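*Asks:* Sharing a model that was predicted from the sequence below.
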Number of protein chains: 2
Amino acid sequence: MKIGVLCIGDELLKGAVINTNLAYMGQKLLELGIIPELSLEVPDRPEDVVRGLDYVMSRADFIITSGGLGPTADDLTKPSIAEHLGYPLELCEEAAEAIKARWMNLKRGTLPFHFLNQAYVPKGCEVLMNGFGTAPGIYIATKEQDRFPGRKIVMLPGPPSELHPMFDNQVLPIIIRNMDVKIYSKLFHVSGVPESKVEEAMQPVIESTPELSVAYCAAPEFVKLFLSSHCEESVTSASAKVRGIFADSLLSDDSRTVAEEVVHLLGRAGHKLAMAESCTGGLISSLITDVPGASGVYLGSVISYANEVKAGTLGVKEETLRQYGAVSGQCAAEMLNGVCEKLGSDCGISVTGVAGPGGGTLEKPVGLVYIGVRYLERVQIIENHFRGSREQIRARTAAVALNTLRRFILGLR
Amino acid sequence: MKIGVLCIGDELLKGAVINTNLAYMGQKLLELGIIPELSLEVPDRPEDVVRGLDYVMSRADFIITSGGLGPTADDLTKPSIAEHLGYPLELCEEAAEAIKARWMNLKRGTLPFHFLNQAYVPKGCEVLMNGFGTAPGIYIATKEQDRFPGRKIVMLPGPPSELHPMFDNQVLPIIIRNMDVKIYSKLFHVSGVPESKVEEAMQPVIESTPELSVAYCAAPEFVKLFLSSHCEESVTSASAKVRGIFADSLLSDDSRTVAEEVVHLLGRAGHKLAMAESCTGGLISSLITDVPGASGVYLGSVISYANEVKAGTLGVKEETLRQYGAVSGQCAAEMLNGVCEKLGSDCGISVTGVAGPGGGTLEKPVGLVYIGVRYLERVQIIENHFRGSREQIRARTAAVALNTLRRFILGLR
């Protein structure tokens, strides 16, 4: 099966919205061993939609569109594509009822008439009900006598809060049902190992496992390692080898970020986290509190951007600030002690550094970051020299801090 | 001029990397009144690159590619496109010297031989030197006798830290030089006004201004309002009207986020900000510290996720937590007082609420958020009922908090 993606919306080309839908679907498809052939972004104009669809259909047989299914005047995906494929639109009663019920629930008065446009669907299609918005999705498998035979087309609404659950619960099963060969796959998150080392370590596994396909994706916090094969045994045996090779560096199977893994591990261990952030300015706290249920394991943080806050709230000694400066291992250690004591925790992270672009000196250049990590009796202060932009330095700092804490909780060196 | 974008890289289709380059370039182009005709993402395979280029060239005459210019085996954009267009590659001495100098600077030993591949460029092209990485960019204007005449093609490296400055400093001037008609434009950020109200208020301006084109893009923190026209006077007069209509709601011309505006205004006023965040968990602090130079106006924050931290560090009364609960206007007010007193500030933000997906009750549902804002003598506690996912509720909370502070600093109601 060759999958193509068509993303519809002026806002994507105007830069008002970043296309996160492609990345979301790409990740999920990769777990099935599928990489889309292409993705095309086009404006909301009907002629662009159908021209784009034609091009994607020329390169793929399973097409996923996102966007343009809503009730407003520029939502033209459904009528444009239905007309192009030669399907008349007809009212879907179930979708109409769902739209009315959802509107009633919002208590905003009479349903605007044009809202029911969303309930008109191509005749003979499968309607994908939308539990998180009003516009239903569409699934059409074109017939042999159709203008474009042998195509499968799924249309999804553009908002990620609607597209994500519909893709997971309704589209993935359709894709799996339509796959020519069953693909077995396994995703690992290898944290704290550079991509080149992961590739190197995988060479013997690849050589010794027949028909195994391996893909790597590097992110600041880990390398994603995907195994896939149409042979189940190849994936099973390679997975066992991966667990052996990267034992200490793998996130659990159900964690998708290191923050999620830390929340999970702390929950199991029954300890609570406190943080003192300077140059990351709340980023690590924000990553931890992105995880639903973080409140069970996270006490809070002191963002001590100014030296007065390092001294006043965290109790960093004036002497330390004077002698070593705010960006120093000594300061990171005192911030860590201070926040753990203040918040009554025996598990903590502290960060102080120069994220740039300004503020660097010859002695303390941009990218110099001290990270302190404590878990019960174990404490470590790490000096890091990160490269990159302000954003990259902050992201890498968060990755190292959270991964170090993860290793401490697991009792790893 | 019709612009088309071609983004090259398996990682985009695998979902390992979100395509932020398109959004970045789209925003900058919109300021010139240009919306790209399309954007296409393709894998790293040479046949996909040239097939994709052909399609984009069939729809646009100015093509920007991103990705695939680096030194590794899967960086095939340049040779594939050069061969396809019929240009031989030749060594660019200046680029080779820059690559060597950059490598020396990194102090990583001998330059790997394949790194110099990056210095081979299509004969007769303009080389766009890269100040932030090793791979130079390329600009080719095809000639009348060429296989594809009348095309302008710019190739840029994929990493945003390299693409952004090269696009701004090298590509935009080429585009402006090549524009058939000069387009005048103006971008406004209207904060705290819903998109539908912005559109409504703009109707009389549109009707009374000849040849004006208006575009809106809604984000959680503002609506972007773009005016453009080939008639300078139309943009000037419409801009004056916009400044009149939205006076209180416009960010300054040089601010691109509300956080940036707040940092700018506080710097001018000479006051320093402290924050107490609960359900946003560091997000607002992180937005403020995303702004380079935030250290001049930002003291720090207490992220009081746990009630013990609200009570212990911020001094919220046990009685308040017992009687009204942590999600209450009373608690927000005491958090605000507490953090301002603790950090010695007369400017502060406090947030407490239910971001979901769990933790909601009938009385305090998901989306109920209390925001406290103080600027000198003026204090306000706002009760909000936000809809959406955990992520959306957190983003909307940050937008309201920062916009309220912005209005306070400006002395607006």
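*Replies:* In hand now; what should we look at? Numbering: from 1, shown residues only, chains lettered A, B, ... in the order given.

*Asks:* Dihedrals phi and psi, A:Ala274?
*Replies:* The phi/psi pair for A:Ala274 (degrees, to the nearest 10) reads phi -130, psi 150.

*Asks:* which residues touch it?
*Replies:* A:Ala274 makes contact with A:Leu299, A:Gly300, A:Ser301, A:Val339, A:Cys340, A:Lys342, A:Leu343, A:Gly344, A:Ser345, A:Cys347, A:Gly348, according to CB atoms under 8 Å, 6 or more residues apart in numbering or on different chains. To be clear about C-beta, it is placed using only N, CA and C from the backbone, and glycine gets the same treatment.

*Asks:* now the end-to-end length of stretch A:101-112.
*Replies:* Stretch A:101-112 stretches 13 Å from its first residue to its last (CA to CA, to the nearest Å).

*Asks:* what about that stretch, near chain B?
*Replies:* No. No part of stretch A:101-112 sits near chain B under the criterion CB under 8 Å from any CB of the partner chain; the closest distance found is 8.8 Å.

*Asks:* on that earlier part again, can I get the contacts of A:Ala274 in CSV with pLDDT and neighbour count?
*Replies:* CSV is the format used below for the contacts of A:Ala274 (pLDDT from 0 to 100; neighbours: other CB atoms under 10 Å in any protein chain shown):
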residue, pLDDT, neighbour count
A:Leu299, 97, 26
A:Gly300, 97, 32
A:Ser301, 98, 34
A:Val339, 97, 29
A:Cys340, 97, 24
A:Lys342, 95, 21
A:Leu343, 96, 26
A:Gly344, 95, 14
A:Ser345, 96, 21
A:Cys347, 98, 24
A:Gly348, 98, 27
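
*Asks:* What about those residues, which are in helices?
*Replies:* Per DSSP state H, helices hold the following members of the contacts of A:Ala274: A:Val339, A:Cys340, A:Lys342, A:Leu343.

*Asks:* Of the contacts of A:Ala274, which ones also sit close to chain B?
*Replies:* Of the contacts of A:Ala274, the ones that also sit near chain B (CB under 8 Å from any CB) are A:Leu299, A:Gly300, A:Ser301, A:Lys342, A:Leu343, A:Gly344.

*Asks:* Output these in JSON lines, with distance to B:Glu97 appended to each entry.
*Replies:* Formatted as JSON lines, the entries for the ones next to chain B among the contacts of A:Ala274 read as follows, by distance: CB to CB, whole Å:
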{"residue": "A:Leu299", "distance to B:Glu97": "54"}
{"residue": "A:Gly300", "distance to B:Glu97": "52"}
{"residue": "A:Ser301", "distance to B:Glu97": "47"}
{"residue": "A:Lys342", "distance to B:Glu97": "54"}
{"residue": "A:Leu343", "distance to B:Glu97": "54"}
{"residue": "A:Gly344", "distance to B:Glu97": "58"}
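
*Asks:* Please identify which pair of those residues lies farthest apart.
*Replies:* Greatest spacing in these, by CB to CB: A:Ser301 and A:Gly344 (13.6 Å).

*Asks:* interface residues of the stretch 301-413 of chain A facing chain B?
*Replies:* With the criterion set to CB under 8 Å from any CB, the stretch 301-413 of chain A comes near chain B through A:301-306, A:308-309, A:312-313, A:342-344, A:356-359, A:388-392.

*Asks:* Look through the stretch 51-200 of chain A and state the residue closest to chain B.
*Replies:* A:Ser161 (5.0 Å; CB to the nearest CB).

*Asks:* Phi, psi for that residue please.
*Replies:* According to degrees, to the nearest 10, the main-chain angles of A:Ser161 amount to phi -70, psi -20.

*Asks:* What about A:Pro365, how many residues nearby?
*Replies:* 12 (other CB atoms under 10 Å in any protein chain shown).

*Asks:* In space, what's closest to the residue of the stretch 51-200 of chain A closest to chain B - neighbours in sequence excluded?
*Replies:* Once its chain neighbours are removed from consideration, A:Ser161 has its nearest residue in B:Ser389; the separation is 5.0 Å (CB to CB, 6 or more residues apart in numbering or on different chains).

*Asks:* got the contact list for the one you found?
*Replies:* B:Ser389 sits next to A:Ser161, B:Gly356, B:Pro357 when contact means CB under 8 Å, 6+ apart.

*Asks:* Just the buried residues of the residues of the stretch 301-413 of chain A next to chain B.
*Replies:* With neighbours counted using 16 or more other CB atoms under 10 Å in any protein chain shown, those contain these buried positions: A:301-306, A:308-309, A:312-313, A:342-343, A:356, A:359, A:388-390, A:392.

*Asks:* Mark which of these are part of helices, please.
*Replies:* Those of these mapping onto helices are A:Glu308, A:Val309, A:Gly312, A:Lys342, A:Leu343, A:Arg390, A:Gln392, per DSSP H.

*Asks:* Tell me the one of those residues nearest chain B?
*Replies:* Looking at these and their distance to chain B, the nearest is A:Val309, at 3.8 Å (CB to the nearest CB).

*Asks:* ok, what's across the strand from the closest residue in space to that closest one that isn't next to it in sequence?
*Replies:* Counting by CB to CB, 6+ apart, A:Val309 lies nearest to B:Gly300, which is 3.8 Å off, once chain neighbours are set aside. According to DSSP bridges, the partner residues bridging B:Gly300 are B:Ala274.

*Asks:* Turn the contacts of B:Ser389 into CSV, columns for distance to A:Leu410.
*Replies:* As requested, the contacts of B:Ser389 are arranged in CSV below (distance: CB to CB, whole Å):
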residue, distance to A:Leu410
A:Ser161, 34
B:Gly356, 30
B:Pro357, 28
